[in-house]
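# how does the following fold in three dimensions:
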Amino acid sequence: MGIVDWLLGPSAQDIAPEEAYQRHFETDQPTMIVDVRQPPEWKGGVIPGAVCIPLTQIGQRMAELPQDHQILAICQSSHRSPLAARRLKKAGFEVLNIEGGMQAWREQDLPVTNLPPQ
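So this is what the prediction gives:
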């Protein structure tokens, strides 16, 4: 175990945007998409139904997340969400990181809304 694993916990598995979409929108598996971008970034669109918790607040707001749902973490380009996913995994959540972030999500023409995030 390296120092990063010791500090942040083991890394979470990546999931492709298409698979994340299917798990969240097309199955009965309880999932929650957690968008860890900063509030100004949300103005460019969010995944419908996503809960927006900036990476800088993830530690203080973990209690808002259901332990019985699989968490799908996303950011803009998959640089911040792996850190959030590690932190959540270390805290006992079942969590996956959406590979490529919102950039990859949009490239796959998956749904994005301009409604205010939850």
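
# show me where the protein has its helices.
Taking DSSP state H, the helices of the chain run over residues 3-8, 17-25, 39-42, 81-90, 101-107.

# quick one: contacts for the residue nearest to residue 50 when sequence neighbours are not counted?
Among residues not flanking residue 50 along the chain, residue 33 sits closest, at 4.1 Å (CB to CB, 6 or more residues apart in numbering). All C-beta atoms are positioned from the backbone trio N, CA, C, and that covers glycine. Each residue near residue 33 by CB atoms under 8 Å, 6 or more residues apart in numbering is listed here: 20, 24, 47, 49, 50, 51, 72, 73, 74, 98.

# then residue 53?
Contacts of residue 53 by CB under 8 Å, 6+ apart are 34, 35, 36, 61, 64.

# list the contacts of stretch 13-21.
Taking CB under 8 Å, 6+ apart as the rule, stretch 13-21 contacts 23, 33, 72, 74, 78, 82, 96-100, 104-105, 107-108, 110-111.

# what comes up buried for that stretch?
Within stretch 13-21, the residues that count as buried by 16 or more other CB atoms under 10 Å are 14, 15, 17, 20, 21.

# tell me the one among the residues you listed nearest to residue 90.
residue 14 (17.0 Å; CB to CB).

# for the closest one, name its beta-bridge partners.
When bridges are called by DSSP bridges, residue 14 pairs up with residue 97.

# roughly how far does it sit from residue 51?
20 Å (CB to CB, to the nearest Å).
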